[in-house]
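S.K.: Pasting a predicted model and its sequence here:
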Protein chains: 2
Amino acid sequence: MAEHYVEKSPADFFYENRAIAGFDNPVRAAYSAIRELVENALDACEENGILPDIEVTVERGESGGEWIIKVKDNGSGIPAEVIPECFGKVLFSSKYGNVQRRGRFGMGGTMAVLYGQITTNKPVHVRSSVGDGFEAEMDIKIDIQRNMPIAIPPPEKAMKKSDKPWHGTEVTLYIEAEYPKARQKVYEYLKHTAVVAPYMNLRFKDPYQELIFTRKTEKLPAKPKEVRYHPEGVDLETLRRMIANSKARTITGFLTSSFQRLGPQTAKKIVEKARLENKNPRRLSDKELLKLYKAMKNTNYQAPDPSCLSPLGVELLKAGVIKEFNPEFAEAVQRPPRAYQGHPFIVELAIAYGGGVPATPDFLLFRFANKIPLLYDEYSDVSSRVIRQINWSRYGIKPDMPIAIFVHVVSTKIPFKTLGKEYIAYIPEIAREIEIGLRELARKLSLYLSKKKAAMLAERREKTLLKYAKWSSALISEVLLVEEEEVYNLYVRLVRSKTGGVKIGGEDTDS
Amino acid sequence: MAEHYVEKSPADFFYENRAIAGFDNPVRAAYSAIRELVENALDACEENGILPDIEVTVERGESGGEWIIKVKDNGSGIPAEVIPECFGKVLFSSKYGNVQRRGRFGMGGTMAVLYGQITTNKPVHVRSSVGDGFEAEMDIKIDIQRNMPIAIPPPEKAMKKSDKPWHGTEVTLYIEAEYPKARQKVYEYLKHTAVVAPYMNLRFKDPYQELIFTRKTEKLPAKPKEVRYHPEGVDLETLRRMIANSKARTITGFLTSSFQRLGPQTAKKIVEKARLENKNPRRLSDKELLKLYKAMKNTNYQAPDPSCLSPLGVELLKAGVIKEFNPEFAEAVQRPPRAYQGHPFIVELAIAYGGGVPATPDFLLFRFANKIPLLYDEYSDVSSRVIRQINWSRYGIKPDMPIAIFVHVVSTKIPFKTLGKEYIAYIPEIAREIEIGLRELARKLSLYLSKKKAAMLAERREKTLLKYAKWSSALISEVLLVEEEEVYNLYVRLVRSKTGGVKIGGEDTDS
């Protein structure tokens, strides 16, 4: 054989291509490691209905570039027997269900462990308790070539009685990285996370400062539920798997029992369109499966069931924006649920104008995905691209006005373009919702701006007219022999009725 | 157990996260599929010292959105027994060696097959011959959940005698995609590929047009050689693996036999620095390995051996730029070889000014990586970021001048940020070389521009002075009673000596 063919383990692959997972360089690695651990901590709480109490410390390690990152949560804890895989095996996760979560790739935490290992040669140290009075404590390394965890001690020997009962997980990671250059981004990340997770307590400490985020509400958002696939955009592979997992004997039975928003009538129409009456779904030929797929594709469905999603809501989003910028004008909008490739999603957007919003050459854009702030590669993100497509001048809006735009996408599956979760891919369905939402906000801002402009013009006109009020009143009162005050009041009323009754400060009317 | 933990196959993972691999949406999928197949075709030729003859056809399939992409090369062919894995298994490749190649992830081709399968339910059709008078022909599908290929017929039954001997591979892919919206990018991709692979014949045909690229040279670039790792930036995992694969009994022996550019003297210094004299490398403790790693990290090495790389060269790059734009000024530069994370790389850059270069609000940037044109996500690319960091006004250069910048990075491992090869991550070592190269080009362009400006000023001055030459000469000749022509010549010589002797057209001197 002329060439040498090799298969790689997933861990080996991501070790070699770590830029893809957000570990490009020592600066980004520091940021990504902290972010991945914090997100795992938040998920471990929220998914189990626990109000998050998170502690994060970043300390200098024993040698120059080494840093120790410790993240402790009060989540549900990880059963001892799966701790090694959770931290030492790529593509292993509790997060693959059809429900909204921060993490989903099954690799963020493990990539942090891997990066720590290849730069410091040290294992990650994990303590965890599921709240049964016992806790597991172990060191974990990764056999990268085999994608296998090495736990010392092994889970069965890692259990001991807790001093006092607790539940949660504490992770201590050793990593060689350029934390000082990454820390501003880390602070920014934490601040924005607090905006979209106001129910979280988080205590952060590094050698430079301490940040404390206190929860503003005791109300955890409704726990998203796992749901069936939505039929919109489902591909052939998913369809094939669903058929294999279904016990239905007819295609209509399969469709109605496997998908949400697909009732008997729609199912019947699909079957007729595909000409597959009286077929057993498990005995479809390749061609017949294709027909079913095409018939499903050319059918319209009701909007997906949003109970698998946990958006922030218009109120909370607007409140967050106002708290952040104290703007002159703020508005938020939530788009109805939609689906792409079978995954339900919701887009929420907000716009803020003036007040504390700085004027920059371009709109300030804040992006969130499943409550994760996205801080890198903004220009390539779907939101950024949609913003560039819109002709803002139609709305009397210019990019250098003091405007901040917030886009939050929640989905059972965010189509990130990179495993480092830097930005969202251009998915036409998502782009469309962002565009509609932005246009709605643009119209509202436009209305506000033109009202403001009209008010300013009216104010100026009124000012000019009122300048002469006293003088004119005196004149008129002399000519008509009526009380000057009466004339003055009449005059002012007249002016105000013409200019729309803008309230004007005392000083101006006196001048 | 409270939660449900699952492991995923790599194929399953990339199926779910296909945006990461460049298959975000039906437009991008069309582009990515064609690109991946063309790159595999080129690699199959170049790596075996064969001048590429590639044929690409894109045709409409049997139903609305279906397209048939056929790519045929005259490369070395694929042995029948590995054809199924090459097209039907993710992370399986002949391309993992330490040598420069276009493809490297071991997944581009398979992702195209996977995307075709989930949208059309059709297998990819492959014909290949290694030139032995026989050829294999089979259909391949992917069992995505198991990451296993399904070949019909299986390799042992897929062989037949060729009508006439040939070598190469022909791939026919069925895919549902929005090709009409992708085609402009496909044309652009092919044109730029032709610029950096002038030794290639490529015939492209789609329903809209035919493009024929004829080779400009019979000279294939020197075949890059596989080389040992360079010690700069090697991480602990690689170090550990190299020790495991080494038969050396001393650390100096291990270092000198395993790395390039690491002689006995440097090895001795490293061992002394790490205080690991008389140690057997295979018996190092974790702490000792860390010491060795740190000592290696704090050592300076000679530049890496470039024989594993196949850059274009300054001549060819400049010629390509001139052919593309016929500019007023063009210059190219190649930086010396460097290494990041143990991977050697070379950066080549060119700049073009004026002539056919259009003036746009920003510099026109053309990016190439291992001879692949990069057409997406320019703003996030390391080159784009370096360009934004440079203070161009220092060089008298403004972004809206008619300037085109070309950056070509070649490496045994391009640190792409996405598997779709959209853009290169910000690796400090690479950024530094790009910056130095750009500054050198900026200085050269700056010099040209100031010379041009000086020449223009001088020309203007000369014009003004010469305007009066005839008149003055006549006057002087009358006063001094000498020949008018003599005075005139003297006068012109005098003016020219002052203004630097700019050549001026006849009309001007006459006026």
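M.R.: Thanks, I have it.
S.K.: so what's the residue nearest to A:Gly88 when sequence neighbours are not counted up against?
M.R.: What sits nearest to A:Gly88 in space, not counting adjacent residues and going by Cβ to Cβ, 6 or more residues apart in numbering or on different chains, is A:Pro149, at 2.5 Å. Where you see a C-beta, it was placed from the backbone N, CA and C, and this is true even at glycine. Shown in contact with A:Pro149 (Cβ atoms under 8 Å, 6 or more residues apart in numbering or on different chains): A:84-85, A:87-89, A:140-143.
S.K.: where's A:Pro149 relative to A:Asp305, distance?
M.R.: Separation of A:Pro149 from A:Asp305 (Cβ to Cβ, to the nearest Å) stands at 37 Å.
S.K.: With A:Gly355 instead?
M.R.: The value you get for A:Gly355 to A:Asp305, if Cβ to Cβ is used, is 38 Å.
S.K.: How about A:Glu429?
M.R.: A:Glu429 is 16 Å from A:Asp305, where distance means Cβ to Cβ.
S.K.: With A:Ile34 instead?
M.R.: Look at A:Ile34 and A:Asp305: by Cβ to Cβ, they are 35 Å apart.
S.K.: cool, and A:Tyr395?
M.R.: Counting by Cβ to Cβ, the gap from A:Tyr395 to A:Asp305 is 34 Å.
S.K.: next one: A:Glu62
M.R.: Here A:Glu62 is placed at a distance of 52 Å from A:Asp305 (Cβ to Cβ).
S.K.: hey, C-alpha coordinates of the host helix or strand of A:Gln117 in CSV?
M.R.: Following DSSP states H and E, the helix or strand that holds A:Gln117 is helix A:108-120. Listed in CSV are the C-alpha atoms of helix A:108-120, where the atom choice follows Å, rounded to 0.1, in the frame of the first residue of the first chain:
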residue,chain,number,x,y,z
GLY,A,108,-15.8,21.6,27.1
GLY,A,109,-14.8,20.3,30.5
THR,A,110,-12.7,17.5,29.2
MET,A,111,-10.9,19.9,26.8
ALA,A,112,-10.0,22.1,29.8
VAL,A,113,-8.6,19.0,31.6
LEU,A,114,-6.7,18.0,28.5
TYR,A,115,-5.2,21.4,28.0
GLY,A,116,-4.2,21.5,31.7
GLN,A,117,-2.6,18.1,31.4
ILE,A,118,-0.5,18.8,28.3
THR,A,119,0.8,22.1,29.7
THR,A,120,1.4,21.2,33.4
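S.K.: Between helix A:108-120 and the helix or strand following it, find me the angle.
M.R.: For helix A:108-120, the succeeding helix or strand toward the C-terminus, using DSSP H and E, is strand A:124-130. Relative orientation of strand A:124-130 versus helix A:108-120 (axes from the mean of the first three to the mean of the last three Cα atoms, to 10 degrees): 150 degrees.
S.K.: starting at the chain centroid, how far to strand A:124-130?
M.R.: Shown here is strand A:124-130, whose average C-alpha point lies 27 Å from the average C-alpha point of the whole chain (Cα atoms, centre = their mean, to the nearest Å).
S.K.: Which neighbouring elements make contact with the next helix-or-strand element following it?
M.R.: Taking DSSP H and E as the definition, the helix or strand that follows strand A:124-130 towards the C-terminus is strand A:134-143. Contact analysis of strand A:134-143 by 3 or more Cβ pairs under 8 Å, 6 or more residues apart in numbering or on different chains; DSSP states H and E lists helix A:83-88, helix A:108-120, strand A:124-130, strand A:148-152, strand A:159-161 as its packing neighbours.
S.K.: and those as JSON lines, adding mean pLDDT?
M.R.: As requested, the helices and strands packed on strand A:134-143 are arranged in JSON lines below (pLDDT from 0 to 100):
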{"stretch": "helix A:83-88", "mean pLDDT": "92"}
{"stretch": "helix A:108-120", "mean pLDDT": "91"}
{"stretch": "strand A:124-130", "mean pLDDT": "96"}
{"stretch": "strand A:148-152", "mean pLDDT": "94"}
{"stretch": "strand A:159-161", "mean pLDDT": "94"}
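S.K.: Of all the ones you listed, which one comes closest to A:Tyr187?
M.R.: Closest approach to A:Tyr187 among those is made by helix A:108-120 (18.8 Å; Cβ to Cβ).
S.K.: Now for A:Asp43, how many residues are close by?
M.R.: The number of residues packed around A:Asp43, counting by other Cβ atoms under 10 Å in any protein chain shown, is 21.
S.K.: Now the helix or strand hosting it - C-alpha only, PDB.
M.R.: With secondary structure defined by DSSP H and E, A:Asp43 is part of helix A:26-46. The C-alpha trace of helix A:26-46 is given here as PDB (Å, rounded to 0.1, in the frame of the first residue of the first chain):
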ATOM      1  CA  PRO A  26      -2.400  30.600  26.200                       C
ATOM      2  CA  VAL A  27      -4.700  33.600  26.500                       C
ATOM      3  CA  ARG A  28      -7.800  32.100  25.000                       C
ATOM      4  CA  ALA A  29      -7.100  28.800  26.900                       C
ATOM      5  CA  ALA A  30      -7.400  30.600  30.200                       C
ATOM      6  CA  TYR A  31     -10.700  32.200  29.200                       C
ATOM      7  CA  SER A  32     -12.100  29.000  27.800                       C
ATOM      8  CA  ALA A  33     -11.100  26.800  30.700                       C
ATOM      9  CA  ILE A  34     -12.900  29.100  33.200                       C
ATOM     10  CA  ARG A  35     -15.900  29.500  31.000                       C
ATOM     11  CA  GLU A  36     -16.400  25.800  30.500                       C
ATOM     12  CA  LEU A  37     -16.100  25.000  34.200                       C
ATOM     13  CA  VAL A  38     -18.500  27.800  35.100                       C
ATOM     14  CA  GLU A  39     -21.100  26.700  32.600                       C
ATOM     15  CA  ASN A  40     -20.900  23.100  33.800                       C
ATOM     16  CA  ALA A  41     -21.500  24.400  37.300                       C
ATOM     17  CA  LEU A  42     -24.500  26.400  36.300                       C
ATOM     18  CA  ASP A  43     -26.000  23.600  34.300                       C
ATOM     19  CA  ALA A  44     -25.500  21.200  37.200                       C
ATOM     20  CA  CYS A  45     -27.700  23.500  39.400                       C
ATOM     21  CA  GLU A  46     -30.300  24.700  37.000                       C
END
